[in-house]
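1. Structure here, sequence nowhere to be found:
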């Protein structure tokens with residue numbers, strides 16, 4: 001995608017964004033409410049036309065190859081699009097019929113893959129939130145799409161169900177499927193994404209691997225904690241750049257988190273004969289990255 005632009009009257013929603021998603025990877029887009037994430041996904045899935053820019057999905061132009069793009073993708077929205085008056089098996093069979101997939105082995109295989117065999121013939125109205133999300137994703141897989149768009153796939157799920165969904169996503173990627181993920185959970189993006197794009201006010205303000213984004217934000221440090229007040233005072237007097245905490249007898253030494261810097265701290269402790277009781281390394285996480293890159297937004301306000 002290059003130069004993607006979209007506006008509604010005088011309001012510019014997407015202001016010339018560029019990115020490329022590698023096949024067989026998880027690409028996550030983060031951003032505060034109104035950043036333009038939903039519009040981006042709508043353009044990529046042919047639900048909306050762009051005002052300018054070049055957009056290709058699965059090798060097809062979204063403007064001129066709508067049918068080919070739609071045949072190559074699957075979309076799972078924030079809310080499970082399942083029929084509560086049908087059973088899980090009937091929901092899957094309905095989708096198979098709509099996509100003209102004749103083999104009943106497909107439905108059986110998906111029920112087994114998503115651990116829905118025991119509940120296959122129960123009405124979806126009786127399913128838990130996690131089961132509905134799994135069924136929704138299973139329905140998306142009918143027709144074997146090359147690319148799947150997941151819009152906040154674990155919103156509202158309990159921790160165990162979230163982990164199950166993460167394992168399913170990893171399995172899809174291992175099979176060669178490309179995942180475009182939007183999520184309100186920063187730990188989810190950190191856990192799953194190969195690359196992350198941060199969108200703010202319609203502009204792509206950062207893009208890279210989770211580790212690359214974390215390194216852009218200052219605040220990393222090595223923390224030394226002492227139980228011996230004399231050792232603490234001696235270390236504090238020697239390390240002029242360290243931040244002291246007299247209450248906890250700890251020092252914070254600025255660090256980029258590299259192995260080289262950590263080794264230099266250990267070498268220094270050995271050279272001056274001071275022994276810390278606890279050493280820990282702290283580096284910025286995606287919460288820090290998100291807050292720093294999206295100015296005054298809060299980390300809970302991820303765009304839907």
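-> Received, thanks. The model shown is predicted, which means the values in this text are computed figures rather than measured ones.

2. Poorly predicted segments of the stretch 151-300 of the chain, please.
-> Scanning the stretch 151-300 of the chain for pLDDT under 70 picks out the ranges 257, 295-300.

3. Strands of that one, start to end?
-> 178-182, 195-200, 203-208, 221-225, 243-245, 250-254, 278-282 (DSSP state E, counting those that start in this stretch).

4. and the spatially most central residue of the chain, what does it touch?
-> Ranked by distance to the mean C-alpha position of the chain (Cα atoms, centre = their mean), the top residue is residue 189 at 2.3 Å. Contact analysis of residue 189 by Cβ atoms under 8 Å, 6 or more residues apart in numbering lists 28, 30, 181, 183, 196, 210, 286. C-beta here means a position set from N, CA and C on the backbone, and glycine is covered the same way.

5. try residue 5
-> Here residue 5 is in contact with 12, 14-16, 50-53 (Cβ under 8 Å, 6+ apart).

6. Just the buried ones from those residues?
-> Neighbour-count burial (16 or more other Cβ atoms under 10 Å) is assigned, among those, to 12, 14, 50, 53.

7. Show me which of those is closest to residue 278.
-> In terms of Cβ to Cβ, no member of the buried ones among the contacts of residue 5 lies closer to residue 278 than residue 14, at 47.6 Å.

8. Tell me the most packed of the contacts of residue 189, by neighbour count.
-> For the contacts of residue 189, the largest number of neighbours (other Cβ atoms under 10 Å) sits with residue 30, at 29 neighbours.

9. which stretches of this structure form helices?
-> Using DSSP state H, the helices found in the chain span residues 37-44, 66-72, 88-98, 104-113, 129-141, 159-174, 186-192, 210-215, 229-238, 259-272, 286-293.

10. Residue 145: how many residues sit nearby?
-> By other Cβ under 10 Å, the residues close to residue 145 number 20.

11. err, residue 96, not the other one
-> Residues lying near residue 96 (other Cβ under 10 Å) number 19.

12. wait, doesn't it sit right on residue 109?
-> No: in this structure residue 96 lies outside contact range of residue 109 using Cβ atoms under 8 Å: 11.1 Å.

13. Closest one of the contacts of residue 5 to residue 75?
-> residue 50 (17.6 Å).
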